[in-house]
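Participant: Structure of the sequence below:
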Amino acid sequence: VQLQASGGGLVQAGDSLRLSCAASVLTFSSLVMGWFRQAPGKEREFVAAIKWSGGTIDYADSVKGRFTISRDIGKNTAYLQMNSLKPEDTAVYYCAARLGSFITTPRMYRYWGQGTEVTVSS
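Facilitator: The predicted structure is shown next:
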């Protein structure tokens, strides 16, 4: 599984961005797609995850109500809609995938995209 993240940029607080994660192949029923982020000097942290076959979604408390994860099965693409962005959302955002149970721990994800940078100015 190869992943390609895109959509990052420089925005102001309160603005919105939509990140995309295009995958080479996603035909596994047990696949879980996740978004993670890593701010300078901090560890990589969970943002959101979705079970590709549908039915299970989870968000970090810090983004609940502001971010929405979704996927387009026909396009093999996952999205992260980010609204009401805050300066503390500034980070490099990564999409990742794993096969198996629904887990949000970064080290449990085997496949990673290259990351896309999001900068939110105040």
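
Participant: Go ahead and confirm S16 touches L80.
Facilitator: No - contact criterion C-beta atoms under 8 Å: S16 and L80 do not qualify, at 10.9 Å. The C-beta positions use only the backbone N, C-alpha and C, and glycine is treated the same way.

Participant: Looking at these two, which has the bigger crowd around it?
Facilitator: L80 (27 against 12; other C-beta atoms under 10 Å).

Participant: so how far is P40 from the nearest residue to D15 once chain neighbours are set aside?
Facilitator: Spatially, and ignoring its direct neighbours in sequence, D15 is nearest to L85 (5.5 Å; C-beta to C-beta, 6 or more residues apart in numbering). Applying C-beta to C-beta, to the nearest Å, the value for L85 to P40 is 17 Å.

Participant: Point to the residue nearest the middle of this structure.
Facilitator: W35 (2.1 Å; C-alpha atoms, centre = their mean).

Participant: from memory that residue sits against A48, does it?
Facilitator: Yes - W35 lies in contact with A48 (C-beta under 8 Å); the separation is 4.8 Å.
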